[in-house]
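Undergrad: Provided below are the primary sequence and the corresponding predicted coordinates.
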Amino acid sequence: MPSPTPSRLRKPLLVAFSLVLLVAVVFGLRDLLHEDVVVSTANAEHRDLVTTTGTNGKVEPVDNFQAHSPYPGVIQHIYVHQGDTVAKNKLLLAMDDSDARVRVAAALAALRSAELALRNIEQNGSQEERFSLSSQIASATLRKSQDARDLAMLQGLQASGAATSIEVANAQEKLKQDDNSLQLLQQRKTGRFSSDDVAHATAQVADAQASYAFAQSVLAQAIVRAPFAGTVYSLPVRDSDYVNAGETLLQMANLSQIRVRAFFDEPELGKLAVGQFAKIEWDAKPGMSWHGHVERVPSTVISYGTRNVGEVLVSVDSSDGTLLPNTNVNVRVTILNKPNVLTVPREALTTAPNSEDYVFRILDGKAVRTPVKIGDLNLTSVEILDGLKQGDTVALGTLGGQTLTDGESVRVAQRP
């Protein structure tokens with residue numbers, strides 16, 4: 001096979017040389033034109049790490065009083081206005097109580113009748129019946145004595161042949177009947193009524209007493225007085241209004257002691273604990289807020305509209321009487337408060353597939369991948385337990401959306 005001539009070898013060598021030269025030129029130009037990746041940054045700083053969770057709630061007084069109509073009737077007079085602050089035992093409202101007084105009188109009469117019936121049973125009858133029975137016993141005793149004398153006389157006459165045996169037998173039978181009648185009358189005097197009679201009469205007295213007490217309580221409810229010092233915050237009736245039984249007449253409460261029944265979604269319940277700080281806001285009073293604390297956490301989950309919630313009681317510590325019962329408010333509870341811990345923004349943190357947490361620390365114009373140990377976090381910040389120190393600069397991200405690599409040259413964007 002003939003060997004290639006120098007002219008044939010020269011052409012492939014020239015092509016290869018040209019390609020190498022082209023690659024060198026391209027990479028050289030890229031290095032000349034390369035611009036550092038622009039990143040936004042933040043510093044690791046010591047600050048308070050606070051986490052809160054919020055929801056809606058309804059204001060309710062700790063001490064609340066509602067007056068309801070004890071029977072269908074007419075409002076006789078109202079002695080206060082809505083919003084009035086009243087002292088304990090202040091007369092608030094009165095209903096027409098004429099019918100209630102009639103029912104009390106009837107119940108009292110029924111009670112007295114039942115008591116009399118029981119007393120008569122316990123004493124073996126009424127006084128008239130006892131007098132009548134005593135009179136009957138006396139007559140029966142006298143009759144028995146007379147019949148005994150008659151029998152003795154007949155027996156004497158029989159001995160002398162002046163009386164027959166039939167007459168004596170009839171006298172003996174009559175005396176026996178007298179004795180039986182007297183025994184029956186004596187038994188009536190000591191045991192006329194059975195134990196069942198006593199139990200029945202006793203039950204009737206108890207029933208009459210309950211009816212009388214109920215009638216009295218109904219009458220007492222016709223006059224409404226303040227059970228404690230407070231504010232009348234609801235007064236839906238007016239003088240001469242007709243109301244049905246059970247209808248609300250007024251509501252009052254001590255507005256300096258209120259709480260909020262807050263409805264937290266089920267996933268948030270595990271973060272709540274008694275004593276946690278709470279902030280309450282009311283849309284009707286923008287710019288104002290009230291402080292409180294979690295008083296009681298729920299023991300069960302309930303349905304509230306389309307939500308599964310737990311009812312959390314939040315005591316209002318700074319109540320000034322402005323928050324009104326039954327108003328809807330917003331509640332935010334502090335579930336985490338760690339003062340003066342080292343933190344960085346959450347966007348600086350990256351978690352590798354092997355679950356290693358790291359940040360890119362900016363050192364001498366380069367992004368240095370730095371493993372960190374983290375603690376608690378909230379929506380904006382994360383606690384750094386190890387790996388960084390106060391003042392370290394970390395990358396938050398690139399302005400062009402590039403992915404940072406360890407050791408890559410970067411340029412820090414100017415902060416506004």
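TA: All right, it came through fine.

Undergrad: show me where the stretch 101-250 of the chain has strands.
TA: For the stretch 101-250 of the chain, the strands defined by DSSP state E, counting those that start in this stretch occupy 223-225, 230-234, 242-243, 248-253.

Undergrad: Out of the ones you listed, which one sits most buried?
TA: strand 248-253 (a mean of 22; mean count of other CB atoms under 10 Å). For glycine as for every other residue, the C-beta is placed from the backbone atoms N, C-alpha and C.

Undergrad: Let me know the next secondary structure element after it.
TA: Using DSSP states H and E, the helix or strand that follows strand 248-253 in sequence is strand 258-265.

Undergrad: Check which residues of that next one are buried.
TA: Within strand 258-265, the residues that count as buried by 16 or more other CB atoms under 10 Å are I258, R259, V260, A262, F263, F264.

Undergrad: what number of residues lie near V394?
TA: 24 (other CB atoms under 10 Å).

Undergrad: Surely it is in a strand?
TA: Yes. V394 sits within a strand when classified using DSSP: H, G, I helix; E, B strand; the rest coil.

Undergrad: where does the stretch 151-300 of the chain dip in pLDDT?
TA: Confidence mapping of the stretch 151-300 of the chain against pLDDT under 70 gives the ranges 185, 187-191.

Undergrad: if we can go back for a sec, ok, which pair from the buried residues of strand 258-265 is furthest apart?
TA: Spanning the widest gap among those are I258 and F264, at 18.8 Å by CB to CB.

Undergrad: can you give me the helices for this structure?
TA: For the chain, helices defined by DSSP state H occupy the ranges 6-33, 98-122, 127-159, 165-191, 195-221.

Undergrad: Reformat the ones you listed as a markdown table; add mean neighbour count.
TA: Conversion of the helices of the chain to a markdown table gives the following (neighbours: other CB atoms under 10 Å):
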| stretch | mean neighbour count |
| --- | --- |
| helix 6-33 | 9 |
| helix 98-122 | 16 |
| helix 127-159 | 14 |
| helix 165-191 | 14 |
| helix 195-221 | 15 |
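
Undergrad: so which of the ones you listed comes closest to V86?
TA: Comparing the helices of the chain against V86 with CB to CB, the closest turns out to be helix 195-221 (17.8 Å).

Undergrad: Report the contact partners of L363.
TA: Contacts for L363 (CB atoms under 8 Å, 6 or more residues apart in numbering) come out as none.

Undergrad: Bridged to it, which residues?
TA: On the basis of DSSP bridges, L363 is bridged to K366.

Undergrad: now it: how far from D406?
TA: Using CB to CB, to the nearest Å, L363 is found at 11 Å from D406.

Undergrad: what's the answer for A284, then?
TA: When distance is defined by CB to CB, A284 is 55 Å away from D406.

Undergrad: L324 now?
TA: 60 Å.

Undergrad: which of the two has more neighbours?
TA: Relative neighbour count places L324 above the other of L324 and D406, with 17 against 11, counting by other CB under 10 Å.

Undergrad: distance of the residue nearest to that one when sequence neighbours are not counted from E45?
TA: Using CB to CB, 6 or more residues apart in numbering and skipping residues adjacent in sequence, the residue nearest L324 is Y233, 6.0 Å away. With the distance defined as CB to CB, Y233 ends up 48 Å from E45.

Undergrad: And for L108?
TA: Between L108 and E45 the computed distance is 81 Å (CB to CB).

Undergrad: cool, and G400?
TA: Taking CB to CB, one finds G400 at 27 Å from E45.

Undergrad: what about these two, which has more around it?
TA: Per other CB under 10 Å, whichever of G400 and E45 has more neighbours is E45, with 15 against 9.

Undergrad: My guess is that one contacts N340. True?
TA: No. Counting by CB atoms under 8 Å, E45 does not reach N340; the two are 10.1 Å apart.

Undergrad: which residues of the stretch 251-400 of the chain fall in strands?
TA: Going by DSSP E, counting those that start in this stretch, the stretch 251-400 of the chain shows strands at 258-265, 277-281, 289-296, 302-304, 307-316, 328-345, 350-351, 357-363, 366-371, 373-377, 381-386, 393-398.

Undergrad: For the shortest one, which strands pair with it and how are they oriented?
TA: In the sheet, strand 350-351 lines up against strand 357-363 (antiparallel) (DSSP bridges).

Undergrad: now the angle between strand 328-345 and the partner strand, please.
TA: Counting by axes from the mean of the first three to the mean of the last three CA atoms, to 10 degrees, strand 357-363 lies at 60 degrees to strand 328-345.

Undergrad: which of the residues in strand 357-363 are buried?
TA: Quick answer for strand 357-363 (16+ other CB under 10 Å): D357, Y358, V359, F360, R361, I362.

Undergrad: Out of those, the closest to L184 would be?
TA: Of all the buried residues of strand 357-363, D357 has the smallest distance to L184: 106.0 Å, by CB to CB.

Undergrad: if I look at the closest one, how far off is G391?
TA: With distances taken as CB to CB, D357 is found 20 Å from G391.
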